[in-house]
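**Student:** Sequence and predicted structure below; questions after.
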Amino acid sequence: MKTYLTTIFLLISILCFSQTKPYKEYYENGQLKIEGNLINDKENGIWKYYYENGKLLCVGEMIKGKTNGIWKFYHKNGELKKEGNVIDGKEDGTWKYFYKMSELQSEGNYNNGKRNGIWYGFHENGTKRRKSFFNMGKITEETCWDKKGKKIECEK
C-alpha cells in the first residue's frame, strides 16, 4: 500500500510540475512561423518552422531545448533540401543534401557535428562530382569528376 501511494504521489507531482504548453509564433503577415510544445519552458517534441509564404522550412524533434532525432529541411519550393540525424544539437550519423528539384547533391556521415568518413557529391544530372574522405572535419583525400564522368582536378 505504501508503494502504491508513493507511486501515485510521484505521478501527480510529475504532472503538476512538468506542464506542456503549446507554442505558436507568427510572422507580421499572419502566417504561422513556428509551432511546437514547451515543457517547463523548454522545447520538447516535434517542432515545425515555416517560411513566410507558409511553406514548411524544417521539422524535427526537440528534447529539453536541444535538437535531437531526424530533422528535415525544405527549399522554398517545398522540395526536400537536407535530412539527417541530430544528437544534442549536433549533426551525427548520415545526412543527405538535395538540389531544388530533389536530385541528390551530397551524402555522408557526421560525428559530433563534424564530417567524418566518405562523403559523395553529385552533379545535378546524377553523375559523381566528388568523393571526399574526412577525418573529424578535415579532408584527407579527394577525387573529382566533371559532369561527363571524366576525372578532373578538385577545386579548393
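**Tutor:** Cool, got the structure.

**Student:** any idea whether the most centrally placed residue in the chain is helix, strand or coil?
**Tutor:** To find the centre residue of the chain, average its C-alpha atoms and take the closest one (Cα atoms, centre = their mean): that gives residue 71, at 2.9 Å. Taking DSSP: H, G, I helix; E, B strand; the rest coil as the rule, one finds residue 71 in the strand state.

**Student:** Hmm, it is touching residue 84, no?
**Tutor:** Yes - look at residue 71 against residue 84 with Cβ atoms under 8 Å: they come within range, at 6.6 Å. Where you see a C-beta, it was placed from the backbone N, CA and C, and this is true even at glycine.

**Student:** List the contacts of the residue nearest to the centre of the chain.
**Tutor:** Contacts of residue 71 were listed using Cβ atoms under 8 Å, 6 or more residues apart in numbering, and they are 58-61, 83-86.

**Student:** And the helices in this protein, which stretches?
**Tutor:** 2-17 (DSSP state H).

**Student:** For it, which residues score under the pLDDT cut-off?
**Tutor:** Confidence mapping of the chain against pLDDT under 70 gives the ranges 1-18.

**Student:** In this structure, what residue spans correspond to strands?
**Tutor:** When secondary structure is read from DSSP state E, the chain shows strands at 20-26, 32-39, 42-50, 56-63, 66-74, 80-87, 90-98, 104-111, 114-122, 128-135, 138-145, 151-152.

**Student:** got a markdown table for the contacts of residue 71, with distance to residue 97 and neighbour count too?
**Tutor:** Listed next are those as a markdown table, based on distance: Cβ to Cβ, whole Å; neighbours: other Cβ atoms under 10 Å:
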| residue | distance to residue 97 | neighbour count |
| --- | --- | --- |
| 58 | 13 | 17 |
| 59 | 17 | 18 |
| 60 | 16 | 20 |
| 61 | 20 | 17 |
| 83 | 9 | 19 |
| 84 | 9 | 20 |
| 85 | 14 | 18 |
| 86 | 15 | 21 |
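
**Student:** Please consider this matter closed, and thank you.
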